[in-house]
Structure formats: structure tokens, C-alpha cells
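Asker: compute the structure for the input listed below.
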Amino acid sequence: MNGFKEIDPALVTDNFIKNIGSDWMLITAGDHVAHNTMTASWGFAGYVWNKPAAVAMIRPQRYTYEFTEREDMMTLSFLPEQYREAMMYCGSRTGRGAEKIRAAGLSVAFTDHDVPAIAQARLVLECRKMYSGMLREENFVDKELVARWYPDGDFHKMYVMEIVKAYIKE
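Answerer: Numbers count the residues shown, from 1 in each chain. Okay, the predicted model is just below:
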């Protein structure tokens, strides 16, 4: 990716609790012809199945879901604070019938595997799906979570992904 340097995912030193929970990330999937992004503030990163990994959660009604279902790979882009308004825009608008990324003042860059990412990111994690599954009400031990976050039964799909490559802005 132009303007980025690839680093070993194990060398990323970011605090992902802060990055995802309060700074947010953009989940982007698709190809050169069609792609979409969405803001996410739920997920995590770590190590599973002997691989650096990330987890993202997407509700099926989100337009980005169509792309994450169709493609084997997606990116998680972490932007500097100056792009907070753009991330708010991407979290509150659909990309159906509109060029949401451009309308937010952002642009797309493609990874070495031709996966779309956000060019303004300071960190991009290129991820390959390893496991996906719908959250199910009967699997919640803490039933208060269902009442609080899923009163309409619109559960997320969870993607466990290998972090294939990490890119930092040069």
C-alpha cells in the first residue's frame, strides 16, 4: 500500500481496548469495483489458533455485511483523531446507493491482496476470516446483555480473523 509500511502483526503496540472502544475502527470489505466501510466500536485483537487474530462483529442489516459475507478478507482501519467526524459519518450513513467513503472525506487504498482499506488510516490490519457465526440468544450466559443490546433480536455475526498483515502509515 502506498504510504504505508508493512510490519509484523506481533509488533503492533496499540492498546486495542482504547483503539476499538473509544477511538473506533472502520471495517472495510469488497473489491476494486464495489466496497463499503462501517464504523465499529466493538471487537478485539489477540492471539488464537496460533495466529495473531482480530474479532469484528457486524449486524446483518448493515450494508458492509454483504461484502464481509462475500469476501474472504477485510481490513480494520484505525484513523487519527482528526478523522472523528468522518468515522461518525461512516457509522451513521449507509453506502447503499451512495459513495459513503468519498462523502466522508476519505479514500480507499488496496492492500497487497487487493483488499480495500482506508487510505487515511494510521494502522491497517488486513484480515482473513477463520470462523464466523451468529450470536444466539440461548448462548448468552448474562441474559441482561440480550435485553440491553438486542431487544429486537437483531444479533451480530461474529468474525474471528487471522491478521495476515499489518500496515502503519509512513
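Asker: show me where this protein has its helices.
Answerer: For the chain, the helices defined by DSSP state H occupy 16-18, 63-70, 84-92, 100-103, 143-149.
Asker: so of those, which one's packed in deepest?
Answerer: Mean neighbour count (mean count of other CB atoms under 10 Å) peaks for helix 63-70 among the helices of the chain, with a mean of 19. Every C-beta, even on glycine, is put in place using the N, C-alpha and C of the backbone.
Asker: how far does that one sit from its chain's centre?
Answerer: Relative to its parent chain, helix 63-70 has a centroid offset of 11 Å by CA atoms, centre = their mean, to the nearest Å.
Asker: and stretch 13-21, by the same measure?
Answerer: For stretch 13-21, the distance to the chain centre is 13 Å (CA atoms, centre = their mean).
Asker: likewise stretch 57-70?
Answerer: Using CA atoms, centre = their mean, the offset of stretch 57-70 from its chain centre is 11 Å.
Asker: what about that stretch, start to end distance?
Answerer: The first and last residues of stretch 57-70 sit 15 Å apart, counting by CA to CA, to the nearest Å.
Asker: repeat that for stretch 48-63.
Answerer: Counting by CA to CA, you get 28 Å between the two ends of stretch 48-63.
Asker: so what touches it?
Answerer: With contact meaning CB atoms under 8 Å, 6 or more residues apart in numbering, stretch 48-63 is reached by 9-10, 27, 36, 38, 40, 42-47, 64-65, 68, 74, 76, 94-96, 125, 127, 130, 135, 154-163.
Asker: what mean pLDDT does stretch 76-89 get?
Answerer: Averaged across stretch 76-89, pLDDT comes to 97.
Asker: now swap in stretch 137-145 and tell me
Answerer: For stretch 137-145, the per-residue pLDDT averages 97.
Asker: so how far is it from its chain's centroid?
Answerer: That offset, for stretch 137-145, works out to 24 Å (CA atoms, centre = their mean).
Asker: next, the distance between the ends of that stretch.
Answerer: 9 Å.
Asker: kindly report the same for stretch 20-30.
Answerer: Span of stretch 20-30 from end to end, CA to CA: 21 Å.
Asker: re earlier: so which of the helices of the chain comes closest to Thr111?
Answerer: Ranking the helices of the chain by proximity to Thr111 (CB to CB) places helix 63-70 first, at 14.6 Å.
Asker: who's in contact with Arg70?
Answerer: Arg70 makes contact with Ala29, Gly30, according to CB under 8 Å, 6+ apart.
Asker: got a pLDDT number for it?
Answerer: Taking Arg70 on its own, its pLDDT is 97.
Asker: roughly how far does it sit from Ile58?
Answerer: Separation of Arg70 from Ile58 (CB to CB, to the nearest Å) stands at 13 Å.
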